[in-house]
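Participant: just the structure for this:
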Amino acid sequence: QVQLVESGGGSVQAGGSLRLSCAASGFVFSSFGMGWFRQAPGKEREFVATVTWSGTTYYADYVKGRFTISRDLVKKLVFLQMNSLKPEDTAVYYCARSRTLYSDSRTDYDYWGQGTQVTVSS
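Facilitator: Next up is the predicted model:
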C-alpha cells in the first residue's frame, strides 16, 4: 500500500536551515507529483511546494526563494530544503502524493504522511 514517511523536523533558530525528507513506497514514484504542505496550530493546512512527475517545481509565495523541493527517483525520496527560516514557518510539515499535474489545493492530494514538526524560535 501507499506509504509516505516524513523525517528531518526539529527545532532551529530564526535564520537557520532544515532539510525534510519523505520516503515513498507502494506506488510508481516517478509517475506522480509530490507536494509539501504545512499546518500551524489553529490554522488551515496550507500549500508549501510541489514537484510534478516531470520535475517542474512550484512554490507558495511565502516560501519562494527560501525553500527548495527536490526528489531522488532512485531512492523514492522527496526533500524540502528550508533556509532562512522564520518563526512563522513553525508548523507540522506533511508530504503528500498529487493526483494532478499541478495543484496547490490539498484536495488534489490523495495520500499523506504523518507529518514532522518544525519549530523556529526567534
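Participant: who does the helix or strand hosting residue 11 pair up with?
Facilitator: Assessed by DSSP states H and E, residue 11 sits inside strand 10-13. Strand 10-13 has its sheet partners listed here by DSSP bridges as strand 116-121 (parallel).
Participant: ok, residue 91 - contacts?
Facilitator: Contact analysis of residue 91 by Cβ atoms under 8 Å, 6 or more residues apart in numbering lists 38-40, 43, 117-118. No exception for glycine: its C-beta is placed from N, CA and C like everyone else's.
Participant: who does residue 39 form a beta bridge with?
Facilitator: Beta bridges link residue 39 to residue 92, judged by DSSP bridges.
Participant: ok, it - how many residues close by?
Facilitator: Neighbour count for residue 39, taken as other Cβ atoms under 10 Å: 15.
Participant: now residue 72
Facilitator: Here the count is done by other Cβ under 10 Å, and residue 72 has 12 residues near it.
Participant: distance check, the residue most central in space within the chain against residue 99.
Facilitator: Nearest to the geometric centre of the chain sits residue 36, at 2.3 Å (Cα atoms, centre = their mean). From residue 36 over to residue 99 the distance is 16 Å, taken as Cβ to Cβ, to the nearest Å.
Participant: before we move on, back to that, can you flag the buried ones in the contacts of residue 91?
Facilitator: 38, 118 (16 or more other Cβ atoms under 10 Å).
Participant: which among the contacts of residue 91 gets closest to residue 104?
Facilitator: When these are ranked by distance to residue 104 (Cβ to Cβ), residue 38 comes first, at 12.4 Å.
Participant: ok, back up a step: for the residue nearest to the centre of the chain, what are phi and psi?
Facilitator: Backbone torsions of residue 36, given as degrees, to the nearest 10, read phi -120, psi 130.
Participant: correct me if wrong: it contacts residue 70.
Facilitator: No. Residue 36 is beyond contact range of residue 70, at 10.9 Å (criterion: Cβ atoms under 8 Å).
Participant: now do the shared contacts for these two.
Facilitator: Residues touching both residue 36 and residue 70 (Cβ under 8 Å, 6+ apart): residue 78.
Participant: which helix or strand contains the closest residue to residue 55 other than its chain neighbours?
Facilitator: Once flanking residues are discounted, residue 55 sits nearest to residue 71: 7.8 Å by Cβ to Cβ, 6 or more residues apart in numbering. According to DSSP H and E, residue 71 maps onto strand 67-72.
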